[in-house]
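*Asks:* Coordinates for the following, if possible.
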Amino acid sequence: MAKKQITSVFKIQAPGGQATPAPPIGPALGQNGVNPGQFIQQFNERTRALNGKVVGCVITVYQDRSFEFEIKSPPAAVLIKDAAGIEKGSGVPNKNKVATISADQVRAIAEEKIKEMTGHNMEAMMKTIAGTARSMGVIVDGVDQGQGQ
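*Replies:* Residues are numbered from 1 along each chain as shown. Reported below is the predicted structural model:
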């Protein structure tokens, strides 16, 4: 069987199980040759369990207009906001702190994102997540964040 020729690969972020063909998703799909209705139906079916949590998706489009997509885990910032129970991060994270999360919550986030993160051990990945939290104005209890070195 001949290998299908790839025409484009692109990324989108959409709410799991609740995506619609409205902008910005529909136009991004259309301009890359993907049938928005067909994609949305498959995407919502595969992400139903995530129920509105934003997830990343890498879509590969082939020359015959068929496509494949890979669901990624939600962005670290979305997972941190869920763990902290906040709507959004601080506008001035170095002055205004908006929440606190525990080292156990940071470990759980790192374990969820482990396939997509780089780092040679869990401690390094936890520090990465803690740094993202710190940039959002979220205090992390019990994780060495490398300050003052």
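*Asks:* so how far is Thr47 from Ser90?
*Replies:* Distance of Ser90 to Thr47, given as C-beta to C-beta, to the nearest Å: 29 Å. From N, CA and C alone the C-beta is placed, and that goes for glycine too.
*Asks:* Among the two, which residue is more densely surrounded?
*Replies:* Thr47 (20 against 16; other C-beta atoms under 10 Å).
*Asks:* who's in contact with the nearest residue to Asp141 once chain neighbours are set aside?
*Replies:* Computed as C-beta to C-beta, 6 or more residues apart in numbering, the closest residue to Asp141 that is not its neighbour in sequence is Ser102, at 5.2 Å. Contacts for Ser102 were tallied using C-beta atoms under 8 Å, 6 or more residues apart in numbering; they are Val140, Asp141, Gly142.
*Asks:* Recalculate using a threshold of 10 Å.
*Replies:* Applying C-beta atoms under 10 Å, 6 or more residues apart in numbering to Ser102 gives the contacts Ala83, Ala108, Val140, Asp141, Gly142, Val143.
*Asks:* Next, format those as TSV and append neighbour count.
*Replies:* Shown next, in TSV, are the contacts of Ser102 (neighbours: other C-beta atoms under 10 Å):
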residue	neighbour count
Ala83	19
Ala108	15
Val140	24
Asp141	12
Gly142	13
Val143	21
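*Asks:* Over to the residue nearest to Asp141: give its phi and psi.
*Replies:* The phi/psi pair for Ser102 (degrees, to the nearest 10) reads phi -90, psi 170.
*Asks:* gap between it and Ala77?
*Replies:* 17 Å.
*Asks:* before we move on, the earlier item: which members of the contacts of Ser102 occur in strands, if any?
*Replies:* Among those, the ones falling in strands (DSSP state E) are Val140.
*Asks:* Gly142 and Lys127 touch, don't they?
*Replies:* No: in this structure, Gly142 is not within contact of Lys127 by C-beta atoms under 10 Å, at 12.0 Å.
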